[in-house]
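In: Here you go, sequence then predicted model.
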Amino acid sequence: MKEQTTKALLKVKSLYVKHPDSTALLSIINQLEFIEQKSKNGLNPKEELPPGTLFTFGITSSRELASPEELKVKKLIDRVSELLDD
């Protein structure tokens, strides 16, 4: 999971450089960084969330990413989401 998360994170950060005012991209980055850190330490990121908290990066990416370049990044984000659900 860490490798997929790192790959997605790098691509989202590259989009953020182009769109630094995007709060949606910043939210996705923050969540992916959390997932990357927890998985790097051998922890299940979903289990490390506070009670009642859910990841929203998948929904956010579906709403916000629409250009051809962004859709490629969304596929990477979707893969991270799938891995979290396994």
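Out: Everything's here; your move.

In: Model confidence score at the residue of the chain positioned farthest from its centre, please.
Out: Using C-alpha atoms, centre = their mean, the residue of the chain lying farthest from its centre is Pro51. It sits 19.7 Å away. pLDDT recorded at Pro51 is 95.

In: What about it? Give its phi and psi, please.
Out: phi -50, psi 140 (degrees, to the nearest 10).

In: Then Pro20?
Out: Taking degrees, to the nearest 10 as the convention, Pro20 sits at phi -70, psi -10.

In: Equivalent analysis for the one 3 residues further on, please.
Out: Summarising the backbone geometry of Thr23 under the convention degrees, to the nearest 10, its torsions are phi -70, psi -30.

In: What is the neighbour count of it?
Out: 9 (other C-beta atoms under 10 Å). C-betas here are computed from N, CA, C, even on glycine.

In: can you tell me which helix or strand the most centrally placed residue in the chain belongs to?
Out: Nearest residue to the geometric centre of the chain (C-alpha atoms, centre = their mean): Leu32, 3.9 Å. Element membership for Leu32 (DSSP states H and E) is helix 23-40.
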